[in-house]
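Asks: pasting a predicted model and its sequence here:
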Amino acid sequence: MILLHYDVLTVALLTITSVQAFSNSNKSDATSRSKIRQFDLTQSSANFYRINDAIDVPNVNNIKTYFSALEDTQPNLVSYQLDQDEIQGSQKKAETNADETADNRLPTSVVPDRYVITLIPNLDDGNFTFVGTVEITLNVTNATNSITVHANDLEINNESVSVHRLTDEVDLVVLGLSPDTGRHFFTVTVADSLVVGQQYRLRINYTGHLREDMGGFYRSFYYVGTEKRWLASTQFQSTSARRAFPSFDEPAFKAKFKISIARTEDRHALSNMPVASSVYEQSLNLTWDHFEETPMPMSSYLVAFVVSDFVSLNASDGIFRTWQRASALSQANYSIEISSDVLKALENFTGVEYFLPKLDQVAVPDFSAGAMENWGIVTYREQNILFEYGVSTSANKQRIAEVIAHELAHKWFGNLVSPKWWNYLWLSEGFATYFQYFAMHKVDPNMRLDHQFLILHHHTAFQTDSLESSHPMTNSPTGSSITQIVYNKAGSVIRMMEHILTTEIFRKGLNRYLTERYNSIAEADDLFSALNAQYIEDNSTPQIDVKTVMDTWTLQKGYPVVTVNRNYTTGSAIVSQKRFLLRNNESEADTSNSRWWVPLTFTSEANQDFLSTAPKIWMNDSQTDTTIADIGAKANQWVIFNIQETGFYRVNYDAQNWAFLAGYLNSDNFTNIHVLNRAQLLDDALNLARAGNYVLELLSNLQNTIGFEEQTNDDHTMKLLRNLVLTWSCDYGNRDCISWSIDTFATAMSEGNTSS
């Protein structure tokens, strides 16, 4: 499932990062470059450089941290077009049941091997119900006389419940049925003990309601003129498959599925697999679509089906089809164009092929999540897959590209290898977030998603993880804040792992992980074990143990600020770590035990090597500080730590090094510093300083430089930049921006032009 959330200040940072495209193309305009690079950290520290009290920096006034007042003093800003706040607000994937107590987990004495499901949804007479039958083939792991499955909001026909022993074709005597509505349990007790090693079949007939809350098996509609067209769709993650059929509705219970759905002649049915046969049943006046059995076991939350009158656009590769309302058929071209390329990029990187015979992508009018990665049939909110050339914006295009890449990445991370339990959700969502940028970057480098990742996810994760209320990547609780950690922080930590190991070892390690856990489940240690084995295999003198390092990032909340205090006489530096908190009122005890294995990378004005992102020095979790004897910088030159900000930590410097950086950034050589490190410097400064007024001044300078009107020669990045400047300038109360927006809107309305 997809989440694209952009925090208040991190979006402003994209403005600064993206502006490199403008500044680099106007090198002769020194005045414009000067306006863009308003980054003089040597200004009055009382007005600009206000440092968090918890960080010791010389000659800085003790002033309230910017973020401690952010909630109360800043305007309620509207995120730019890529921000899908509605996705976060209704993010079903975030609403996971992370309670691992035995009372809330199914027994494991019997486990599913195969489901046979038949469904008859009623969309036409106004009662919106469905009739179903499920047959579950069971394997017995421990002798027991009871079978417990999940069922929620289903009316079970008690007389239909049967348990059949397949070994000798004997029906067992059912002694009792025990529903537990609080835990969504339905327990069947039989007279004879179920024998280990034998298979049994549980059969249940039931009815249910096609709901309106966009969860489980639900109904939706759209209009053709004044005619309302009904359809049925599903959204099962994380615990809603049990609303469509009795099931072992936990991710670890993987099984094969064979599904049949009855439909009217004017509709068609879609599910995880292609249709094997269609048979008209005269007594029902319905057509049965019988789908092929899934070739692989899958978790129940990845089952899906759609019954609609949608039309399809088929890709030339024979795999992809995009389904949508007939009137939106032309808007499916972009998704068809990029999907095959994204899939190939993921296959090439992981070394594992997508093996299902088809992949449907369905644009659903009412869909609570941004998209859902069901095996063989991805469901999307319409705005996340439909794109109209000449009408939709560049931001729309990028959002669709990201969402598609995110969902396709799940075919490997989440579907092929599923999390053992929801506390390991980051193994799915972290990788999908990572690949939505870096796989899509392979397909369309002009979007520069590799750079945007830093601003839109890395820096966003910093904000949530800077609060004492944050939580670890593993064992995350329920709630909306899970999205920032499980998606954004996890994606950023995965990016850090890649640079720690090198891309090639990381790639081969992922292949090992996917191969070892193929069609199975995993926990974090499985990933770390595969990466570590590959790291050792490719290194004669390994420096680290992957699990030891990564546990410090996944099992504890927060992240460090690395403070660099230079000795300008000896050329050495003392580097220390401490948890970074945005609030000043947190006690020392809250951070005193927080330590990480920190991969230190650095370069200097003399060397300017921004490509070597593998760690030069490690600070381990038993160290509060370490001394680097020679940082390679002259006494009158800057040093920069965390090259390309590949490490998930902030960096603070002594005042003199900040001054050197400010001077260089205001020189004609500023582009010698990698653009990601320029973004890092600004983000770290804004979060170490009280910067409210400065943000408005910065945006005002950008507004004066690039204006609000779109230019014919604008590339993708410049269009996003202009949109950001407009949004944020207005949100911060810039009168020129507000006036321009009102006039432009009035003109568009008077001319009847609402598409711009």
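Replies: Cool, the structure landed. Predicted model, so just to flag it, every value in this text is computed and none were measured. Numbering: from 1, shown residues only.

Asks: so, low pLDDT: which residues of the protein?
Replies: Scanning the chain for pLDDT under 70 picks out 1-102, 476-482, 583-592, 689-706, 728, 732, 752-756.

Asks: domain parsing for it?
Replies: With automatic domain parsing as the criterion, the domains of the chain are listed as 106-249, 405-554.

Asks: export the ones you listed to TSV and tack on mean neighbour count and distance to Ile377?
Replies: All C-beta atoms are positioned from the backbone trio N, CA, C, and that covers glycine. What follows is these, written out as TSV (neighbours: other Cβ atoms under 10 Å; distance: least, Cβ to Cβ, whole Å):
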stretch	mean neighbour count	distance to Ile377
domain 106-249	18	9
domain 405-554	21	11
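
Asks: output those domains as a markdown table; include the columns distance to Leu600.
Replies: Putting these into a markdown table (distance: least, Cβ to Cβ, whole Å) gives the following:
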| stretch | distance to Leu600 |
| --- | --- |
| domain 106-249 | 38 |
| domain 405-554 | 11 |
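
Asks: closest one to Gln383 among these?
Replies: When the domains of the chain are compared by Cβ to Cβ, domain 106-249 sits nearest Gln383, at 13.5 Å.

Asks: starting at the chain centroid, how far to the closest one?
Replies: Relative to its parent chain, domain 106-249 has a centroid offset of 30 Å by Cα atoms, centre = their mean, to the nearest Å.

Asks: and the strands in the stretch 551-700 of the chain?
Replies: Along the stretch 551-700 of the chain, counting by DSSP state E, counting those that start in this stretch, strands occupy 560-567, 572-579, 598-600, 602-604, 617-619, 625-628, 639-641, 650-653.

Asks: among those strands, which is the most enclosed?
Replies: strand 639-641 (a mean of 26; mean count of other Cβ atoms under 10 Å).

Asks: show me what that one is packed against.
Replies: strand 560-567, strand 602-604, strand 650-653 (3 or more Cβ pairs under 8 Å, 6 or more residues apart in numbering; DSSP states H and E).

Asks: ok so, going back, how about the domains of the chain, which one is nearest Ala633?
Replies: Going by Cβ to Cβ, the one of the domains of the chain nearest Ala633 is domain 405-554, 21.8 Å.

Asks: measure the closest one end to end?
Replies: Domain 405-554 has an end-to-end distance of 24 Å (criterion: Cα to Cα, to the nearest Å).

Asks: all further residue positions should be reported with the first residue as 25.
Replies: Fine by me, first position is 25 from now on; the one you just mentioned is domain 429-578.

Asks: what's the burial count for the closest residue to Gln632 other than its chain neighbours?
Replies: For Gln632, ignoring the flanking residues on the chain, the nearest one in space by Cβ to Cβ, 6 or more residues apart in numbering is Asn696 at 5.8 Å. Asn696 has 11 neighbours, counted by other Cβ atoms under 10 Å.

Asks: how far away is Asn696 from Leu706?
Replies: 16 Å (Cβ to Cβ, to the nearest Å).

Asks: do Thr578 as well
Replies: For Thr578, the distance to Leu706 - Cβ to Cβ - is 28 Å.

Asks: contacts only, for Ser544.
Replies: Ser544 sits next to 278, 441-442 when contact means Cβ atoms under 8 Å, 6 or more residues apart in numbering.

Asks: a markdown table for the residues you listed, including secondary structure and distance to Trp682?
Replies: Below are the contacts of Ser544 laid out as a markdown table (DSSP: H, G, I helix; E, B strand; the rest coil; distance: Cβ to Cβ, whole Å):
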| residue | secondary structure | distance to Trp682 |
| --- | --- | --- |
| Lys278 | coil | 53 |
| Val441 | strand | 45 |
| Ser442 | strand | 47 |
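
Asks: and Phe245, helix, strand or coil?
Replies: What DSSP: H, G, I helix; E, B strand; the rest coil gives for Phe245 is strand.

Asks: correct me, but it touches Val388?
Replies: No. Counting by Cβ atoms under 8 Å, Phe245 sits too far from Val388 to count as a contact (10.8 Å).

Asks: between the two, which contacts overlap?
Replies: With Cβ under 8 Å, 6+ apart as the test, Phe245 and Val388 both reach Leu255.

Asks: now Met574: how far from Leu525?
Replies: Taking Cβ to Cβ, one finds Met574 at 11 Å from Leu525.

Asks: from Ile285, how far out is Phe241?
Replies: Relative to Ile285, and taking Cβ to Cβ, Phe241 is found at 11 Å.

Asks: mutual contacts of those two, please.
Replies: 143, 145, 329.

Asks: which non-adjacent residue is nearest the second one?
Replies: It stands for Pro145. Phe154 (4.3 Å).

Asks: may I have the secondary structure class of that neighbour?
Replies: Phe154 - assigned by three-state DSSP - is strand.

Asks: could you measure it against Phe391, distance?
Replies: 19 Å.

Asks: please apply the same query to Gly533.
Replies: 35 Å.

Asks: about what we covered before: want to throw the shared contacts of Phe241 and Ile285 into TSV with distance to Thr191 and secondary structure?
Replies: Listed next are the shared contacts of Phe241 and Ile285 as TSV, based on distance: Cβ to Cβ, whole Å; DSSP: H, G, I helix; E, B strand; the rest coil:
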residue	distance to Thr191	secondary structure
Leu143	29	strand
Pro145	35	strand
Phe329	32	strand
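
Asks: how many neighbours does Ser302 have?
Replies: Neighbours of Ser302 (other Cβ under 10 Å): 12.

Asks: and if you look at Leu635?
Replies: 9.

Asks: can you pull out the helices in the stretch 525-674 of the chain?
Replies: Remark: helices assigned in the stretch 525-674 of the chain by DSSP state H, counting those that start in this stretch are 527-540, 548-561, 570-578.

Asks: in the stretch 275-424 of the chain, which spans are strands?
Replies: Counting by DSSP E, counting those that start in this stretch, the strands of the stretch 275-424 of the chain are 280-287, 292-295, 299-305, 310-315, 329-332, 335-338, 344-348, 383-388, 395-396, 401-405.

Asks: want to throw those strands into TSV with distance to Phe373?
Replies: Formatted as TSV, the strands of the stretch 275-424 of the chain follow (distance: least, Cβ to Cβ, whole Å):
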stretch	distance to Phe373
strand 280-287	28
strand 292-295	28
strand 299-305	32
strand 310-315	30
strand 329-332	30
strand 335-338	26
strand 344-348	19
strand 383-388	18
strand 395-396	21
strand 401-405	19
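
Asks: now Thr768: closest residue in space that isn't a chain neighbour?
Replies: Phe732 is the one closest to Thr768 (Cβ to Cβ, 6+ apart), at 8.0 Å.

Asks: counting neighbours, what do you get for the one you found?
Replies: 16.

Asks: ok, back up a step: I'd like to know which of the contacts of Ser544 is nearest to Asn631.
Replies: Val441 (40.6 Å).

Asks: report the contact partners of the closest one.
Replies: Contacts of Val441 by Cβ under 8 Å, 6+ apart are 451, 537-538, 541-546.

Asks: beta partners of it?
Replies: Beta-bridge pairing for Val441 (DSSP bridges): Phe437, Ser544.

Asks: how close does it sit to Leu538?
Replies: 6 Å.
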